[in-house]
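K.L.:
No letters, just coordinates:
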Ligand code: HEM
């Protein structure tokens, strides 16, 4: 199904990138705004435990933006609207940005900037181990997301590095799953969405192999 309307062309050319940027900045503005209100002793939306609220809000934003990054290709494949690929990189960078803020908030608010204390947590708490592993894999993706890096690495090497998004997304879901105590639906919803997005790729890659085999059989 290909969408080729004039409105969509104009949207893709003039509006898609700035609107995506605004949408990606909104969660950051929300949390900074609420901290500003709290520090000014004004009413805010973070409840009685602003520290926990901040960790959870930033963690949720990071994982959701990561899932949206993985959604771009299936949307392109289904709609045939190629320009949507142009916003994938900035969505991926936003996922990195929110994950980095999430970790910085933890380092600041819980660990008083002690890297040794953070490292101890990585070694002792399983869900933090998964979180750190996920973030470690996000770093090379963020570092190689500039035009210069893509040119220097070549499309194929760049593509290979960016396959890291799949294991790191699985690690992020595991981090969330092992963090929660008792039954909670949210990590399962994130895991379910990720499973569908990964299955889409498996079918896309493996499907043609089977079609070729049955055509030659
Ligand atoms: C060193 C790396 C990381 C550390 C130290 C860390 C730490 C934390 C902490 C302390 C919490 C809240 C626990 C609580 O409130 O009881 C949390 C929750 C969470 N984190 Fe992380 N995290 C890391 C990496 C990541 C990454 C890379 C992602 C996603 C891309 C992520 C996504 C989440 C999510 C989705 C939650 C659950 C939020 C909720 O309950 O609504 N974290 N993390």
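P.N.:
Received, thanks. These numbers were taken from a predicted model, which means no experiment stands behind them.

K.L.:
Pull the distance from the helix or strand hosting residue 58 to the chain's centre.
P.N.:
Element membership for residue 58, per DSSP states H and E: helix 50-79. A distance of 5 Å separates the centroid of the chain from that of helix 50-79, by Cα atoms, centre = their mean, to the nearest Å.

K.L.:
could you pull out the helices for this protein?
P.N.:
All helices of the chain, identified by DSSP state H, fall at 6-10, 16-39, 50-79, 88-109, 115-124, 126-143, 147-153, 155-162, 165-179, 185-216.

K.L.:
can you give me the offset of the second one from its chain's centre?
P.N.:
What that stands for is helix 16-39. 16 Å.

K.L.:
and it, does that touch the ligand?
P.N.:
No. Contact of helix 16-39 with the ligand (Cβ under 6 Å from any ligand atom) is absent, the minimum separation being 12.6 Å. Quick note: C-beta positions are derived from backbone N, CA and C, even for glycine.

K.L.:
So what's the gap between stretch 35-55 and the chain middle?
P.N.:
24 Å.

K.L.:
wait, stretch 116-131
P.N.:
The answer for stretch 116-131 is 21 Å, by Cα atoms, centre = their mean.

K.L.:
For that stretch, list every residue counted as buried.
P.N.:
For stretch 116-131, the neighbour count (16 or more other Cβ atoms under 10 Å) marks 118, 121-122, 128-131 as buried.

K.L.:
Out of those residues, which comes closest to residue 173?
P.N.:
Distance ranking of the buried residues of stretch 116-131 against residue 173, using Cβ to Cβ, places residue 130 first at 8.7 Å.

K.L.:
what separates that closest one from the ligand, distance-wise?
P.N.:
Look at residue 130 and the ligand: by Cβ to the nearest ligand atom, to the nearest Å, they are 8 Å apart.

K.L.:
measure the nearest residue to that residue once chain neighbours are set aside to the ligand for me?
P.N.:
In space, and not counting its chain neighbours, residue 130 is closest to residue 175: 3.9 Å by Cβ to Cβ, 6 or more residues apart in numbering. Applying Cβ to the nearest ligand atom, the value for residue 175 to the ligand is 5 Å.

K.L.:
tell me what the helix holding residue 58 is packed against?
P.N.:
helix 16-39, helix 88-109, helix 165-179, helix 185-216 (3 or more Cβ pairs under 8 Å, 6 or more residues apart in numbering; DSSP states H and E).

K.L.:
a markdown table please, covering those and showing mean pLDDT and mean neighbour count.
P.N.:
Below are the helices and strands packed on helix 50-79 laid out as a markdown table (pLDDT from 0 to 100; neighbours: other Cβ atoms under 10 Å):
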| stretch | mean pLDDT | mean neighbour count |
| --- | --- | --- |
| helix 16-39 | 97 | 14 |
| helix 88-109 | 97 | 19 |
| helix 165-179 | 97 | 20 |
| helix 185-216 | 87 | 12 |
